[in-house]
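1. what's the 3D shape of this:
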Amino acid sequence: MSFADRDGYIWVDGKLVDWRDAKVHLLTHTLHYGSGVFEGVRAYDTGAMGTCIFRLDDHTNRLFNSAKTIHMTIPFDRATINAAHCQVVRANELKEAYIRPLVYFGSEGMGLRAQELQVHVGIAAWEWPSYMDPEAREKGIKVKLSTYKRQVKNPVSNAKVNGNYVHSIVALTEALEDGFDEALMLDADGYVAEGSGENFFIVKDGKLYSPFLDSCLDGITRKTIIDLAMELKIPFQEKKITVEDVFDADESFFSGTAAEVVPINSLDNQKIGSGLRGPVTEKLQKTYFDQVRGEREANNGWHTFTN
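-> Modelled structure (predicted):
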């Protein structure tokens, strides 16, 4: 089913509109230049507590911070954006949902000058059970070392800006065409940065490692994994990770709102560790899913109820 042809509602500029009516003009500035910002947010069914959006405040804060990096002023406050997330989940009667807020420049002018353009906000929500094959949570995925490098180190390239994801798209396309499930991208200096749309971790001798944030997105799922690791007494360290470090690792996994927590069983067809989901990955993965579904008392400030 096309994303443009569905039943339901999308929140656009302060009100709910019919899903099929949520359209933009061909000459919308962001469509031509990529000058917009977005988030990927998840809502989970927590049983008796109802549907909860996970770490909504953090996602909304990052949305505003990303907009600031490209000199875009969002015409609503954070509380309104948060409430709109809840409203669109309720309107579409979703128990679990992937939520996509998008902030974009309108069609009042063309060219690189964006100062006089209207800023629009849209928020959609739909069922998206798993970005990866459900079996991948246990068996892991095959990853290709991408020939495409992560963008240069600056605030704009490290924000969640629409145009930044062209590199991710071509990296993932290359990996899929070569028979892999995902891509692992390096930075300009040859160190590991991130996946096409996920943060990256390795485990060595029981210790958890992730790249510095200078060439990757400051992922909210990444933050969650680090917080949970600290709580579970799993040592964690940021470091510059080489490709050799990955091949020498005992375990490896990706994290992200869409991907959640998915093990990596091999890189360029070379097995990582045992080639199976490792014990540290499994522990963090289970704790993460228990957390987002409200099955843990700790960190319950991360949940925003939609009812």
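2. Residue 244 in helix, strand or coil?
-> helix (DSSP: H, G, I helix; E, B strand; the rest coil).
3. What's the separation between it and residue 187?
-> 15 Å (CB to CB, to the nearest Å). (Glycine included, C-beta is placed from N, CA and C.)
4. quick one, which of these two is more surrounded?
-> residue 187 (20 against 8; other CB atoms under 10 Å).
5. Distance check, the closest residue to that one other than its chain neighbours against residue 62.
-> Take residue 187 and drop its neighbours on the chain: the residue closest to it by CB to CB, 6 or more residues apart in numbering is residue 215, 3.7 Å away. Distance of residue 215 to residue 62, computed by CB to CB: 17 Å.
6. the more surrounded of those two?
-> residue 215 (23 against 19).
7. For the more buried one, what are phi and psi?
-> Note on residue 215: its backbone torsions stand at phi -130, psi 30 [degrees, to the nearest 10].
8. That one against residue 190, yeah?
-> No - contact criterion CB atoms under 8 Å: residue 215 and residue 190 do not qualify, at 10.8 Å.
9. Quick check: neighbours shared by these two?
-> By CB atoms under 8 Å, 6 or more residues apart in numbering, residue 215 and residue 190 have no common neighbours.
10. lowest average confidence, helix or strand, in the protein?
-> helix 136-139 (a mean of 90; mean pLDDT, DSSP states H and E).
11. tell me what that helix is packed against?
-> strand 260-267 (3 or more CB pairs under 8 Å, 6 or more residues apart in numbering; DSSP states H and E).
12. Which residues does the strand it packs on contact?
-> With contacts defined as CB under 8 Å, 6+ apart, strand 260-267 is touched by 130-132, 136-145, 182, 184, 198, 221, 225, 243, 246-247, 251-255, 271-272, 275-278, 281, 284-285, 288-289.
13. 6 Å - rerun?
-> Residues from elsewhere that reach strand 260-267, judged by CB atoms under 6 Å, 6 or more residues apart in numbering: 132, 136, 140-143, 246, 252-255, 272, 275, 277, 281, 285, 288.
14. could you flag which of those residues are buried?
-> 132, 136, 140-143, 246, 252-255, 272, 277, 281, 285, 288 (16 or more other CB atoms under 10 Å).
15. So, low pLDDT: which residues of the stretch 51-200 of the chain?
-> 131 (pLDDT under 70).
16. just the helices in it please.
-> Along the stretch 51-200 of the chain, the stretches classed as helices by DSSP state H, counting those that start in this stretch are 56-69, 78-91, 136-139, 165-177.
17. other SSEs contacting the second one?
-> What that stands for is helix 78-91. With contacts taken as 3 or more CB pairs under 6 Å, 6 or more residues apart in numbering; DSSP states H and E, helix 78-91 sits against strand 9-12, helix 56-69, strand 119-126.
18. Would you reformat the ones you listed as TSV and include distance to residue 104?
-> Output for those, formatted as TSV (distance: least, CB to CB, whole Å):
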stretch	distance to residue 104
strand 9-12	11
helix 56-69	10
strand 119-126	6
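19. mind checking which of the ones you listed is nearest residue 159?
-> Evaluated over the helices and strands packed on helix 78-91, closeness to residue 159 peaks at helix 56-69, with 4.0 Å, by CB to CB.
20. Tell me what angle the closest one forms with strand 119-126.
-> Interaxial angle, helix 56-69 versus strand 119-126 (axes from the mean of the first three to the mean of the last three CA atoms, to 10 degrees): 150 degrees.
21. list the helices and strands helix 56-69 packs on?
-> helix 78-91.
22. which residues does residue 70 contact?
-> Residue 70 neighbours (CB under 6 Å, 6+ apart): residue 35.
23. and the gap between it and residue 155?
-> 9 Å.
24. element containing the closest residue to residue 31 other than its chain neighbours?
-> The spatial neighbour of residue 31 that comes closest, neighbours along the chain excluded (CB to CB, 6+ apart), is residue 24 at 6.9 Å. Element membership of residue 24 [criterion: DSSP states H and E] is none; it lies in no helix or strand.
25. and residue 19, how many residues sit next to it?
-> Neighbour tally, residue 19, other CB under 10 Å: 17.
26. I'd say it and residue 4 touch.
-> No - at 8.3 Å, residue 19 and residue 4 do not qualify as touching, with contact defined as CB atoms under 6 Å.
27. quick one on the thing from earlier: now do the contacts for the residue nearest to residue 187.
-> With CB under 6 Å, 6+ apart, residue 215 has these contacts: 150, 153, 187, 193.
28. Give me the pLDDT for it.
-> Here the pLDDT value assigned to residue 215 is 85.
29. still on that earlier bit, in strands only, show me the contacts of residue 215.
-> residue 193 (DSSP state E).
30. would a markdown table of the contacts of residue 215 with distance to residue 13 be doable?
-> Below are those laid out as a markdown table (distance: CB to CB, whole Å):
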| residue | distance to residue 13 |
| --- | --- |
| 150 | 33 |
| 153 | 34 |
| 187 | 37 |
| 193 | 35 |
